[in-house]
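Q: give me a 3D structure for the following:
(3 chains)
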Amino acid sequence: MNALAEHVAAVPLVDHHVHGAFTVELERAEFEGHLNEGSPDPIPPWMTQFDSQLGFAVRRWCAPVLDLPAHAPADEYWQRRAELGVEEVTRRFLGGAGVSDWIVDTGYATSSLLGLEGMESASGGRAHEVVRLEALAEELALENVSGRDYADAFTARLAARAENAVGAKSILAYRTGFDIDLTPPSPAEVTLAAGRWLDTAGDEPRLDDEVLIRFGLHAAIARGLPLQLHTGIGDRDLDLHRVNPLHLLDFLRATPDVPVLLLHCYPYHREAGYLAQAFPNVHFDVGLGINHTGVRSVAVVAESFELAPFAKQLYSSDAWGPPELHYLGALLWRRAVATTFGRWVAEGDWSEADARRVATMIARDNARRVYRL
Amino acid sequence: MNALAEHVAAVPLVDHHVHGAFTVELERAEFEGHLNEGSPDPIPPWMTQFDSQLGFAVRRWCAPVLDLPAHAPADEYWQRRAELGVEEVTRRFLGGAGVSDWIVDTGYATSSLLGLEGMESASGGRAHEVVRLEALAEELALENVSGRDYADAFTARLAARAENAVGAKSILAYRTGFDIDLTPPSPAEVTLAAGRWLDTAGDEPRLDDEVLIRFGLHAAIARGLPLQLHTGIGDRDLDLHRVNPLHLLDFLRATPDVPVLLLHCYPYHREAGYLAQAFPNVHFDVGLGINHTGVRSVAVVAESFELAPFAKQLYSSDAWGPPELHYLGALLWRRAVATTFGRWVAEGDWSEADARRVATMIARDNARRVYRL
Amino acid sequence: MNALAEHVAAVPLVDHHVHGAFTVELERAEFEGHLNEGSPDPIPPWMTQFDSQLGFAVRRWCAPVLDLPAHAPADEYWQRRAELGVEEVTRRFLGGAGVSDWIVDTGYATSSLLGLEGMESASGGRAHEVVRLEALAEELALENVSGRDYADAFTARLAARAENAVGAKSILAYRTGFDIDLTPPSPAEVTLAAGRWLDTAGDEPRLDDEVLIRFGLHAAIARGLPLQLHTGIGDRDLDLHRVNPLHLLDFLRATPDVPVLLLHCYPYHREAGYLAQAFPNVHFDVGLGINHTGVRSVAVVAESFELAPFAKQLYSSDAWGPPELHYLGALLWRRAVATTFGRWVAEGDWSEADARRVATMIARDNARRVYRL
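A: Next comes the predicted model:
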């Protein structure tokens, strides 16, 4: 391994958008389901999700962590994984990721996931919280807040959570798409919308009201919190073409100077790079676009180095559940960066010193600056 | 050639979306016109369509099949082709493609093309039929079916054709685009729309009525036929941005479990790969995106291996007319796969056994499963 | 360097879309600002725009022109540049670009830029003018033309300018986007719109009236002028998704046979390539997509060689201001073409003679034909 690759392999990462790892043992069918981001359906019987770039990457890179040869067959992988048990598997993958700081979205399906402390003890890294704005609203719905009190209650709840959080996140991508009016709603609109939504929210509230989502976004901005936005790929709940980050142009033009972090972006990562050049406060990552493209992540990461200034890119895995994803995201990102930058250095386009410096910026320093770690 | 390349070169292909080869001699200007998919206009006098990636690929790979050196000049290529005559040229190219099964769209401009039997005898492979839904409607228009009888007549005609067909195809891309309501119309709507369309269809009927196109789609689905949909590039009749397969999201969410096959997809093949991950019944190919990008097909094919599980991709040439296209599609696909997988194997990301297995799935096995060959 | 690379390095270029170089000394902050195309804001204090692909390319390729080692630190680069002064710096970069003909958009912010004669004497090349249509309208507004006289005055002014111009350019991308009605307006509509716009245009008129912009487009077409259209990336004034050239489909279908030149196109260069295949009169370049992606321009240029016939592509830098951009555009294009074509020749896909021929077409011959140089 050359000096650049060694540097990239060793630099501790800030994984700036991640969820907890599972605390529960899985069935194989569940595990395979978690290798598919887009579909909530069972994997059909005539195929296996292991036959995908992510599945091949698991067999290539995760098998050795479980003492198997690279490319071990799926059946052997599964058997060995079950044998070691969730705690040992989690310890190995989280510890092996080389992540110094996990910035954790604590707002989604957390009952079977490690919390902040669990992530710290399993990995040896630090964990920081990001508040999911829609989840705050859904908490309030369960607490029987009235429409009239909603705005104050939301603001107070956000303030309380922000004490211990480094940023906020919105999943409006899943709830409304980006091609809507994203200006701040008036207080009267919020009261009206809150009354209507709270009345019908039920026992499993799901915030899909445009007015309240916009209110949440602007409440986070008003507090100066770095704002993460899911963009691009995700499960098929979202309309992918309606979460192209370009639809955020008007919103970004009107947003004051808080850091905005566009997550994933694939297949719109070039568009995200454009926005990161065009707005001083816009940053992005290729998140899910790394794990789910496996060996092709080298190409995806290379495409993410076009228009954006290097101070505007961050690393994330968006891992959720299987700790393979926490590990593999880091490994594939390092591999993509070492390969891509290595070629540019070999061909004389970049100096090696610059390559090391940029790798460190994206691995760690940009996130430290944005989240004031 | 290494073992993987040998395997990929030898594996018999199912070309799951193709048309017949010409039975007639062409003028050179016609031939050049057929190297241009997008434009119905004559090639301007100040250029030659041979000066394109497809034209260069013809000179590189097809010239040797006609006993010329690779890269033979266009004039020599044309002279030799004319000398050999359509039958010999067709026999060489179809036979040389290494295709065991042609799945033929028999619904477009077939008077100067080989039919199923002609394809079989010229190539030595088997031919299977796909029914073009819009062509069925246009047949009925010529038979003076009434608006009131249209739905039954269409259903009966489809049932009759489906006896000998392995799937159905819709070209709504050319007729309406995808950004319309694609739910099943009511019987009353169909009767009304049929009456209106049949009244004005004339001697050369062209189905462009949204209601009847939707009716045809859902009739095919109701029969359980694998459903091919033209998406992405084609001639400039279509609005390319309106045939991005992402506009099919609502349709796919509502479609029961029949295989849906997104054809071509370029430049939206990443979006197609997303849909193939997100829906268990969605499959895709890069069809026209192979021949028309020539040497760049290596990159296009590589991009098609990102999100989609490997069980969800198929091979097609979409060749129509010049048998160079039937041959070249197969050759370029093999070359792209051997190059791409070969690099991944050489760099240790994939095992060679996996690479051979995935190549065989896409070359043949996935299509056999989908079309029950 | 192999023979192909030598040929590509030596072929004189027609830079078919460019602006003048600065005549004034810059502050460093201004210079860095000009390395960012998308944002009008100051570069934030916690970053430098040198840390971008364009910045790295400046340090790699421009530093040696100023007698510094490749990859010289930004501070040294800036110091040396200031030391040499604007005239010497401009002479070196313009002279070093190897451009025989500059086709100059003279309609934007020209007070601090070299004019046609200045470009000629600094570079040793020839300069030709392209008339910016919106700028003509803005001239008329300052001359107190009435709404009733607008159409005639515009037509006369265009005729006068066209005497010495080789083409026209529209920036409707910045003013209206492409997803509007682009048919020719009626005379009555023009009179009405002109009256309204001229009344409110003020001292710094900015043509953003859809009717008058459409009128200008069709006036240029009526004169048979090659028509340049900004598409794709630019500053954040534009809605990037609304300047995807696919939104021009209806316009192109209705446009008679004058050359249309789609500029930049990134990240929609594949879509532009499609249009260049689908319409005999459509041409394109990847303009801004070269300089601003630095080393990645190799990939961007390679992607531009897919669907478009080779007679339909041109070279441009879209340089404006710092003469580094005039130089670097040429250098990076040559490098991308030599690398990409070189690989295809090495792998046997293209012949070397073809590669040289295609490079010359795009470097020079296609532009000569289109603009009748």
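Q: state the helix or strand in which the closest residue to chain C within the stretch 1-150 of chain A lies.
A: Closest residue of the stretch 1-150 of chain A to chain C, Cβ to the nearest Cβ: A:Leu4 (14.3 Å). Where C-beta positions appear, they are placed from N, C-alpha and C, glycine not excepted. Element membership of A:Leu4, judged by DSSP states H and E, is helix A:3-10.
Q: A:Ala254 reaches A:Thr183, doesn't it?
A: Yes: here A:Ala254 reaches A:Thr183: they are 6.7 Å apart, a contact under Cβ atoms under 8 Å.
Q: that older thread, what's near enough to touch the residue of the stretch 1-150 of chain A closest to chain C?
A: A:338, A:341-342, A:345, A:352, A:355-356, A:359 (Cβ atoms under 8 Å, 6 or more residues apart in numbering or on different chains).
Q: just among those residues, which is most surrounded?
A: A:Phe341 (26 neighbours; other Cβ atoms under 10 Å in any protein chain shown).
Q: who's in contact with that one?
A: By Cβ under 8 Å, 6+ apart, the neighbours of A:Phe341 are A:4, A:8, A:350, A:355, A:358-359.
Q: change it to 7 Å
A: Counting by Cβ atoms under 7 Å, 6 or more residues apart in numbering or on different chains, A:Phe341 touches A:4, A:350, A:355, A:359.
Q: between the residues you listed, which sits nearest B:Arg91?
A: Checking the contacts of A:Phe341 against B:Arg91 with Cβ to Cβ, the nearest one is A:Trp350 at 53.1 Å.
Q: how near is the closest residue to the closest one other than its chain neighbours to chain B?
A: In space, and not counting its chain neighbours, A:Trp350 is closest to A:Trp344: 4.2 Å by Cβ to Cβ, 6 or more residues apart in numbering or on different chains. Here A:Trp344 is placed at a distance of 17 Å from chain B (Cβ to the nearest Cβ, to the nearest Å).
Q: what's the answer for A:His17, then?
A: 19 Å.
Q: does that residue count as helix, strand or coil?
A: Assigned with DSSP: H, G, I helix; E, B strand; the rest coil, A:His17 falls in the strand class.
Q: now for it, how many residues are close by?
A: Applying other Cβ under 10 Å, I find that A:His17 has 27 neighbouring residues.
Q: who's in contact with it?
A: Counted by Cβ under 7 Å, 6+ apart, A:His17 has contacts A:103, A:105, A:228, A:263, A:285, A:287, A:316, A:318.
Q: and if you look at A:Tyr274?
A: So A:Tyr274 contacts A:307, C:38, C:233, C:240 (Cβ under 7 Å, 6+ apart).
Q: shaky segments in the stretch 251-373 of chain A?
A: Along the stretch 251-373 of chain A, no part satisfies pLDDT under 70.
Q: near chain C, which residues of chain A show up?
A: Applying Cβ under 7 Å from any Cβ of the partner chain, we find that chain A lies next to chain C at A:244, A:246, A:249, A:270-271, A:274, A:277-280, A:305-307, A:309-311, A:344, A:349-351, A:354, A:369.
Q: can I have the buried ones of these as a PyMOL selection?
A: Buried subset of these, written as a PyMOL selection, criterion 16 or more other Cβ atoms under 10 Å in any protein chain shown:
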select buried, chain A and resi 244+246+249+270+271+274+277+278+279+280+305+306+307+309+310+311+344+349+350+351+354+369
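Q: what about the residues of chain A next to chain C, which are in helices?
A: Here DSSP state H is the test, and the residues of chain A next to chain C give A:249, A:270-271, A:274, A:277-278, A:344, A:354, A:369 as lying in helices.
Q: tell me the one of those nearest chain C?
A: A:Ala278 (3.0 Å).
Q: relative to B:Leu172, how far out is the residue of the stretch 1-150 of chain A closest to chain C?
A: Using Cβ to Cβ, to the nearest Å, A:Leu4 is found at 51 Å from B:Leu172.
Q: ranges for the strands of chain A?
A: Here chain A has its strands, by DSSP state E, at A:13-18, A:99-105, A:126-132, A:165-170, A:227-231, A:260-264, A:282-284.
Q: run through who's touching the shortest one.
A: If I follow you right, that is strand A:282-284. A:252, A:259-262, A:265, A:272-273, A:275-276, A:308, A:312-314, A:366, A:370.
Q: let me know the closest of those residues to chain B.
A: Distances from chain B to the contacts of strand A:282-284, taken by Cβ to the nearest Cβ, are shortest for A:Cys265, at 12.0 Å.
Q: what's the neighbour count on the closest residue to that closest one other than its chain neighbours?
A: Nearest non-adjacent residue to A:Cys265, counting by Cβ to Cβ, 6+ apart: A:Ala272, 3.9 Å away. Neighbourhood size, A:Ala272 [other Cβ under 10 Å]: 30.
Q: ok, A:Ala272 to A:Leu307 distance?
A: Applying Cβ to Cβ to A:Ala272 and A:Leu307 gives a distance of 9 Å.
Q: likewise A:Leu263?
A: 18 Å.
Q: tell me the mean pLDDT for stretch A:155-166?
A: Averaged across stretch A:155-166, pLDDT comes to 97.
Q: how far off centre is that stretch?
A: Between the centre of stretch A:155-166 and the centre of its chain there are 20 Å (Cα atoms, centre = their mean, to the nearest Å).
Q: that older thread, OK, contacts around the residue nearest to A:Trp350?
A: With Cβ under 7 Å, 6+ apart, A:Trp344 has these contacts: A:350, A:355, C:295.
Q: need the nearest residue in space to the second one, chain neighbours excluded.
A: Taking Cβ to Cβ, 6+ apart, and ignoring the residues beside it in sequence, A:Ala355 has A:Phe341 as its nearest neighbour in space, at 4.1 Å.
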